[in-house]
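Participant: Build me a structure from this.
(one chain, ligands or ions: 1)
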Amino acid sequence: MITVVPSQEATSLSSLELLYTISRELASALDLQTVLKQVLQLSSQFVGANSGSIIVLDSEGQPVGSTIIYRGQIHTQQTEQIRDTIDKGLAGWVLRHREAALIPDTSLDPRWTKRPDDSPEQTGAKSAVSAPLMVRHTLAGVLTLVHPTPNTFNDDQLALVRSIADQAGIAVLNAQLYTESLNRARVMSALAESSLAITAALGTDDILQRVLQQVHQALEVEAVSLALLTPDRKTLEIKEATGPVANEVRGWRLKIGEGVAGQVARTGKTIIIPDTSQDARFYARVDKSTGFQTRALACAPIRSRGKIIGVLEALNPLNRQFPHDTRLLLEGIGSLAGAVIEQRELMDNLKNARRRFQELFEDSIDPIVITDWTGKIIEANRPAVFVNRTPKAELLKMNIQQLHEIDQKKVGGPEFENLRDDIMVYYEATLRPAPDVEIPIEVNVRQIFFDNHGFLQWILRDITERKHLDTLRDDLISMIYHDLRSPLANVLYSMDILSSLLSGENGMYGTLIDVAVRSAERIQRLTSSLLDLKRLEAGQPVLNRDTTHLTEIINDAVDAVKPVAESKKQEVYTELPAELPTMNIDGDMIRRVIINLLENAIKYTPINGRIGVGANAFEGGVLFWVKDNGPGISPEKRDSIFDKFTRLHTSGRGIGLGLAFCRLAVEGHQGRIWVESEQGLGSVFLFTLPFHSS
Ligand code: ADP
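Facilitator: As a prediction, the model looks like this:
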C-alpha cells in the first residue's frame, strides 16, 4: 500500500473532506459491525495507516468486541484477546486517561506493548496514534491507527484521529442502541409468542410442557427443566424436563439453597454460568447420577405475585454460548409461567370445589332443588327426581311452585325478599307427586352463590316419619286422657265417700286415704294438663275464665305439693303481699301451672332445699314466681326447656311436657313466662298475667 503523507493545507482541506465523508457514511449505517468497518477503512485511508483497530465498550465500560483492519482486511477479535491490549497496550492507556495519544516511534515509547512481531527483524518500529471514542462523558471505545514507518504520524494526524473518533463515537453509540432495541424487540416478540403458546395450554401439565418448549425455542439449548417449590417451601421438585435425560430427572428433589437451582429459589436472583467447570456454584449431583454433562447453564426464578414458586433452568446452549438476552428471556418466561401456573391452580381448585359440591349435591339423602330468583328450576339431584316422580328433564322445565306450595310469608312473597339477606328459612309443606300421594316435607331454603351469581337452594326433607311419630304421641296423649278421666273421677268420688264414712277416725286409715286422694288428684291434674296442652296447641282460646282469688290458688298449690316437699325435707314458703287483686282467669289451669313449677322445683332441688312461691301486682297485671336453690339452668337451655319433650335431667321422672303446658297456659292468657337462673345457685321461674285479656 502506498502511503501518502499530505502537506499542511492539503491536510486541513482533506481532513474537512474526510470528516464530511465520515459523518455522511456513518449516519447511514446502523449495524455496529458495518459502522466499525467503515470507520476503520475511512480513517486508515485518510490518515494513511496500514493497520488499525477499534475496541468497543458496553455501557458498563467493559470491552465487548473489537474490529481490526490489517492491510485493508477486516477481522474481528474475541473479548479475551482484547483484554491484553487494554491491560498493557496503548489503547488501554488512552481509555484510562480518556485522552488521545501520539507515538511517533513505538520502539521508544513504553505505552506500546512490544509483541514478538515488533522485533527489528520483523515489522520493527512503527508510528501509532490513538484516540478515545467519547460521546459527552461516555466512553464508547478506542480507535488506534498504526503506520509501519516510525515518525510518520505527527500532531496533524493526532488532530485528525481525534475528530474521526468524535464522529465515530456517536455512530458506535447509535449502533449499540439500535442493537439493544433490536434485542429488546426480539425478547418482546419471543415473550409475546410464549405468552400466547402458554396461555393456550389446557391443563397444568400442558402448561409446563409449553413453558419448556418456549425456553427451548428462545434460547436454543440442549435441555430445559422446570422445578416447583413444595408446599413447605423447603424443597424444589423437578416437575417437567426436556432433553436426553428428561425422564430420569423428572420428580428429582433438591433442597432449597443446594446447587444453582436451589440458590435461585432462595435468593430469587437469576444465575448464568457460561462454563460450569470454572464455577464453584455448580453442583454436579444430578449429572453424576444421570450421566448428563452440564457445560453451561442459566437459571431464573418463577414468580407468582412477587413470591418465588420455582425455577426454570436451561442447559448447554447449542451455539456453545448463551445469547446476549438470555437473562431477559428466561426471567420473562419465568414470570409468565408463574402467572399462568397460579391461574391454572386456581382454576383447578375451583373445578375441584365444583366437583365436590356436585358430589355432595348428588349424594345428599335429602332432595335438593336449585332455582333462580324467579323459582325456575335449574338443577335437581337424584333424590329430588325420585321423590317427585318426574324425570330430571321435566323438572328442569318447571318452577319450584309447581312442586309445593311456597310459604309466601316466610320467604317474603313471590320475589323471595327475605332470602336476599342470606337468611335460612324453614317451613312445612306437602309434595303431591301423584294424585293419591302426599308427602309431608320440611322445606329449608336459602341463597347460595355459584360463579358469583346468586341462586336459591331448596332442601325438601321428607318428614313422613316425624309426622307419624307426632301423631302417635298425640294419639297416646288423647288415649291417656279419655281412658283415665272417668275411672279417676270414680276413684276420687269413692275416696270422698270413704273418708266421710271414716270421719272421726284419725288413725292409719285416714292417712292412707289421704295419700290415695292426693295421688289420684295428681293424676287428674296431669290428665287435665294433657288435654289443655292439646287444645291450646290447636289454638283454642281459654274458655273457663272466672273471678279468681290469687292468694287462694297459690295456697292451694302449696298445699298440693307440701307432702312431697316434706318427704325431701324441703321448705316451701310463700312471698305474698297483704292483698292481691282478683283476676278473670281459668283458676284451675293457673293453679296447675304453679303446681307444675313447684313440683319441678321440688324435684330438681336436693334434700333440705328452700322453695319460694309468690306474686305481686304491677300496673298491667300480676307477676308470679317460683324460686328454688337447686342446680339452676344453663343460659343456652333457658328457652328450649319450654318446648315439648325437652328434658335436661333425663335421670328423674318426667316426660318433658310440664313446662310446655305452662307456657301454653300462660300465653293462652296473653301472659309471658321465662326463667332466670344462676347456675349452681338456683332458678326463678316467672310469669305474668295481664288484667285485660281475651
Ligand atoms: P319434666 O317432665 O322433665 O320435668 P318439664 O317440661 O317440666 O319436664 O321441664 C323440662 C326440663 O327443665 C326438665 O327436664 C329439667 O331438666 C328442667 N327444669 C325444670 N325446672 C327446673 C328447675 N326448677 N331447676 C332445674 N331444672 C329444671
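
Participant: Look up how far Ile74 lies from the closest residue to the ligand within the stretch 251-400 of the chain.
Facilitator: Residue of the stretch 251-400 of the chain nearest the ligand, by Cβ to the nearest ligand atom: Asp366 (30.4 Å). Glycine gets a C-beta too; all of them are placed from N, C-alpha and C. Noted for Asp366: a distance of 87 Å to Ile74, by Cβ to Cβ, to the nearest Å.

Participant: ditto for Ser53
Facilitator: On the measure of Cβ to Cβ, Ser53 and Ile74 end up 10 Å apart.

Participant: Give me the more crowded residue out of those two.
Facilitator: Ser53 (24 against 13; other Cβ atoms under 10 Å).

Participant: for the closest residue to the ligand within the stretch 151-300 of the chain, phi and psi?
Facilitator: Sorted by distance to the ligand under Cβ to the nearest ligand atom, the residues of the stretch 151-300 of the chain start with Pro231, at 49.8 Å. Dihedral angles of Pro231 (phi, psi; degrees, to the nearest 10) stand at phi -60, psi -30.

Participant: Let's test this: mean pLDDT of stretch 337-355, rounded?
Facilitator: For stretch 337-355, mean pLDDT rounds to 81.

Participant: can you confirm Val129 is in a helix?
Facilitator: No. Counting by DSSP: H, G, I helix; E, B strand; the rest coil, Val129 is not part of a helix but strand.

Participant: partner residues bridging it?
Facilitator: Leu102, Leu145 (DSSP bridges).

Participant: Near the ligand, which residues of the stretch 451-600 of the chain are found?
Facilitator: Asn600 (Cβ under 6 Å from any ligand atom).

Participant: which stretches of the stretch 451-600 of the chain aren't confidently modelled?
Facilitator: Scanning the stretch 451-600 of the chain for pLDDT under 70 picks out 504-506.

Participant: Look through it and state the residue closest to the ligand.
Facilitator: Asn600 (3.5 Å).

Participant: Next up, the contacts around that residue.
Facilitator: Each residue near Asn600 by Cβ atoms under 8 Å, 6 or more residues apart in numbering is listed here: Gly658, Leu659, Phe685.

Participant: Cross-check the residues you listed against the ligand and keep the overlap.
Facilitator: Near the ligand, judged by Cβ under 6 Å from any ligand atom, the entries from the contacts of Asn600 are Gly658, Leu659.

Participant: Now tabulate the contacts of Asn600 in JSON lines and tack on secondary structure, pLDDT and neighbour count.
Facilitator: As requested, those are exported to JSON lines (DSSP: H, G, I helix; E, B strand; the rest coil; pLDDT from 0 to 100; neighbours: other Cβ atoms under 10 Å):
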{"residue": "Gly658", "secondary structure": "helix", "pLDDT": "91", "neighbour count": "23"}
{"residue": "Leu659", "secondary structure": "helix", "pLDDT": "94", "neighbour count": "23"}
{"residue": "Phe685", "secondary structure": "strand", "pLDDT": "97", "neighbour count": "27"}
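
Participant: out of the contacts of Asn600, who's nearest Pro301?
Facilitator: Taking Cβ to Cβ as the measure, Pro301 lies nearest Leu659 of the contacts of Asn600, at 68.8 Å.

Participant: burial of the residue of the stretch 151-300 of the chain closest to the ligand, as a residue count?
Facilitator: 7.

Participant: can you list the residues of this protein near the ligand?
Facilitator: Close to the ligand, as judged by Cβ under 6 Å from any ligand atom, the chain has residues 600-601, 604, 628, 630-631, 633, 641, 646-649, 654-660, 683.

Participant: So the residue of the stretch 1-150 of the chain found nearest the ligand, which state does it fall into?
Facilitator: Closest to the ligand within the stretch 1-150 of the chain is Glu60: 86.1 Å, counting by Cβ to the nearest ligand atom. Look at Glu60: counting by three-state DSSP, its state is coil.

Participant: residues near it, how many?
Facilitator: Neighbours of Glu60 using other Cβ under 10 Å come to 6.

Participant: gap between the two ends of stretch 537-549?
Facilitator: 27 Å (Cα to Cα, to the nearest Å).

Participant: buried stuff in it?
Facilitator: Val542, Arg545, Thr548 (16 or more other Cβ atoms under 10 Å).

Participant: now do stretch 289-296
Facilitator: Neighbour-count burial for stretch 289-296, counted by 16+ other Cβ under 10 Å, picks out Thr290, Phe292, Thr294, Ala296.

Participant: confidence score at the last one?
Facilitator: With respect to pLDDT, Ala296 has a value of 93.

Participant: For it, which non-adjacent residue is closest in space?
Facilitator: Leaving aside its sequence neighbours, Ala296 sits nearest to Pro274 (Cβ to Cβ, 6 or more residues apart in numbering; 5.2 Å).

Participant: now the helix or strand Gln263 falls within: mean pLDDT?
Facilitator: According to DSSP states H and E, Gln263 maps onto helix 259-267. The average of the pLDDT scores along helix 259-267 is 92.

Participant: And Leu501, how far from Leu208?
Facilitator: From Leu501 over to Leu208 the distance is 104 Å, taken as Cβ to Cβ.

Participant: ok, these two, which is more surrounded?
Facilitator: Leu208 (23 against 11).

Participant: The more buried one: what secondary structure?
Facilitator: Taking three-state DSSP, the label given to Leu208 is helix.
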